[in-house]
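Visitor: Based on what follows, work out the 3D shape:
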Amino acid sequence: MELIQKKFKNINLQDYFFNSLLKDYQEFAHWFARKAEDNAYVFEDDRGNINGFLYLKIENEVITDVMPHLPAKRRIKVGTMKINARGTKMGERFLKKIFDHASHNGVDEIYVTVFPHHDVLIGLFQKYGFSRVAEKISENGVELVLLKELHKLQDDLVKSYPMVNNMNVKRHLLSLKPEWHTRLLPDSILKNENARIIEDVSHTNSIHKVYLSAMQGLENLKRGDILLIYRTSDGLGPAHYRSVATSIGVIEEYRSIHSFATRDEFMTYCRPYSVFSDAELNQFWARKKYPHVFRFTYNTALKRRVTRGEMIEQFGLDPNNYWGFMALTQNQFDSIVRAGQIDEGIIIN
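Guide: Sure, this is the predicted structure:
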């Protein structure tokens with residue numbers, strides 16, 4: 001099941017999926033018809049049934065159909081978002097797509113209107129920093145207006161997502177082998193890799209990631225630490241040119257594998273966001289070969305990959321250090337980020 005873009009005119013409004021929207025909004029069918037040439041994101045199963053729908057719109061004007069009115073700003077309106085969650089992190093996948101659009105289009109805010117009875121959806125938006133700022137009253141009833149200001153840190157790293165707090169934190173380079181890198185961070189896939197090998201499963205849908213490793217030093221990770229993800233060489237050329245920095249994440253939590261009381265507790269923690277299969281996780285639990293377990297948010301991919309050679313020759317990284325897990329100075333990190341051409345405003349200094 002893939003997230004794809006389709007024109008409204010090619011989306012089946014008669015699908016059972018839309019029944020609740022047709023019930024909530026009297027004008028939904030007419031609105032849908034007017035959007036015939038516009039694009040929306042949909043999740044479809046193998047039989048063509050819709051399991052998720054997302055429509056985004058960029059606005060610049062004063063929002064007058066809510067109380068109080070919202071002043072003119074460049075915003076993304078989540079015009080419609082509905083999901084049927086069946087085991088995958090579809091809600092997170094949609095939120096990530098919304099944030100990707102916001103970064104790409106340089107907007108200041110994102111907002112959505114939602115009826116109070118959709119408590120699960122409201123909770124999802126609030127988890128990622130949306131707060132209630134107004135109400136929309138129409139023939140359909142009263143909707144809550146939830147808004148998130150971008151380029152502004154909140155009191156929690158998940159609520160601040162995708163912003164990265166680069167003040168008074170530690171920064172680390174973390175290396176991943178190509179096979180794990182592609183499975184864990186699909187948006188950072190390199191041009192010479194085959195996107196078809198990426199399965200549409202929980203860990204690739206999600207904002208959050210869980211990884212296990214035996215590298216020394218990982219036990220010192222703290223919540224809020226920044227990770228610069230480094231994909232090691234694919235063996236098709238010298239590491240000097242083939243090993244590259246690709247992504248930025250933020251540590252949510254570190255756990256020793258020995259801190260889990262039971263296998264079931266370990267599996268429950270790792271399974272939703274891990275690249276590893278149940279068989280691999282069972283083996284890791286039995287052997288305790290990879291004692292470091294950590295969860296992090298996947299905040300952004302570098303638009304331009306920065307090579308090992310550049311990091312050594314231009315930004316002062318020591319080629320003799322152990323590049324599996326290595327501390328970075330703020331100057332080194334900032335220089336690599338600039339060279340990586342990430343969207344302006346993601347990193348808050």
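Visitor: quick one: contacts for the nearest residue to K289 once chain neighbours are set aside?
Guide: The spatially closest residue to K289, leaving aside those adjacent along the chain, is A214, at 6.3 Å (Cβ to Cβ, 6 or more residues apart in numbering). Every C-beta, even on glycine, is put in place using the N, C-alpha and C of the backbone. For A214, the contacting residues are 289-292, by Cβ atoms under 8 Å, 6 or more residues apart in numbering.
Visitor: swap in A134?
Guide: Applying Cβ under 8 Å, 6+ apart to A134 gives the contacts 66-70, 145, 147.
Visitor: So what sits opposite it in the bridge?
Guide: Note on A134: beta-bridge partners by DSSP bridges are V145.
Visitor: Return the distance of the nearest residue to Y16 once chain neighbours are set aside relative to R74.
Guide: Counting by Cβ to Cβ, 6+ apart, the nearest residue to Y16 once its immediate chain neighbours are dropped is N49, at 7.7 Å. Separation of N49 from R74 (Cβ to Cβ, to the nearest Å) stands at 36 Å.
Visitor: May I see the buried residues of stretch 316-323?
Guide: 317, 323 (16 or more other Cβ atoms under 10 Å).
Visitor: Excluding residues flanking it in the chain, which one is nearest the residue located most distally from the centre of the chain?
Guide: Centroid-distance maximum for the chain: E139 at 35.2 Å, with Cα atoms, centre = their mean. Counting by Cβ to Cβ, 6+ apart, Q26 is the residue found nearest to E139 once chain neighbours are left out, at 6.2 Å.
Visitor: Just the pLDDT for the one you found.
Guide: pLDDT for Q26: 92.
Visitor: For beta bridges, what are the partners of the residue lying closest to I226 once chain neighbours are set aside?
Guide: Among residues not flanking I226 along the chain, R171 sits closest, at 4.6 Å (Cβ to Cβ, 6+ apart). Beta bridges link R171 to I226, L328, judged by DSSP bridges.
Visitor: Please verify my assumption that R171 contacts L221.
Guide: No: here R171 does not reach L221: they are 11.5 Å apart, not a contact under Cβ atoms under 8 Å.
Visitor: Got the phi and psi for V164?
Guide: phi -120, psi 120 (degrees, to the nearest 10).
Visitor: contacting residues for the residue nearest to P116 when sequence neighbours are not counted?
Guide: Closest residue to P116 apart from its sequence neighbours, by Cβ to Cβ, 6+ apart: L144 at 6.0 Å. Residues near L144 by Cβ under 8 Å, 6+ apart: 113-116, 122, 132, 135-136.
Visitor: cool, K148 as well?
Guide: Taking Cβ under 8 Å, 6+ apart as the test, what K148 contacts is 109-111, 125, 128-131.
Visitor: Count the residues that sit near the closest residue in space to I346 that isn't next to it in sequence.
Guide: Of all residues not flanking I346 in the chain, T300 sits nearest, at 5.2 Å (Cβ to Cβ, 6+ apart). By other Cβ atoms under 10 Å, 22 other residues sit near T300.
Visitor: can you confirm T300 is in a strand?
Guide: Yes: when DSSP: H, G, I helix; E, B strand; the rest coil is applied, T300 is found to be in a strand.
Visitor: list the contacts for it?
Guide: Counting by Cβ under 8 Å, 6+ apart, the residues that T300 touches are 103, 162, 164, 247-248, 342-343, 346.
Visitor: so what's the residue nearest to S247 when sequence neighbours are not counted scoring on pLDDT?
Guide: Nearest residue to S247 in three dimensions, chain neighbours excluded: I229, at 4.0 Å (Cβ to Cβ, 6+ apart). Here, the pLDDT recorded for I229 equals 93.
Visitor: Doesn't I229 belong to a strand?
Guide: Yes: under three-state DSSP, I229 falls within a strand.
Visitor: average model confidence for stretch 275-288?
Guide: pLDDT averaged over stretch 275-288 gives 93.
Visitor: Run the chain-centre distance for that stretch.
Guide: Put simply, stretch 275-288 sits 25 Å off its chain's centre (Cα atoms, centre = their mean, to the nearest Å).
Visitor: what comes up buried for that stretch?
Guide: 275-276, 281, 284-285.
Visitor: Now flag whichever of these is closest to F32.
Guide: Closest approach to F32 among those (Cβ to Cβ): V275, at 37.8 Å.
Visitor: What's the separation between that closest one and Q154?
Guide: Counting by Cβ to Cβ, the gap from V275 to Q154 is 29 Å.
Visitor: likewise K127?
Guide: 11 Å.
Visitor: can you pull out the helices in the stretch 1-150 of the chain?
Guide: 19-24, 28-34, 90-105, 119-127 (DSSP state H, counting those that start in this stretch).
Visitor: Dump these to JSON lines, plus mean neighbour count and distance to E265.
Guide: Listed next are these as JSON lines, based on neighbours: other Cβ atoms under 10 Å; distance: least, Cβ to Cβ, whole Å:
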{"stretch": "helix 19-24", "mean neighbour count": "13", "distance to E265": "36"}
{"stretch": "helix 28-34", "mean neighbour count": "14", "distance to E265": "44"}
{"stretch": "helix 90-105", "mean neighbour count": "19", "distance to E265": "22"}
{"stretch": "helix 119-127", "mean neighbour count": "15", "distance to E265": "23"}
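Visitor: Distance to K6 for these - can I get that in CSV?
Guide: What follows is the helices of the stretch 1-150 of the chain, written out as CSV (distance: least, Cβ to Cβ, whole Å):
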stretch, distance to K6
helix 19-24, 16
helix 28-34, 12
helix 90-105, 14
helix 119-127, 22
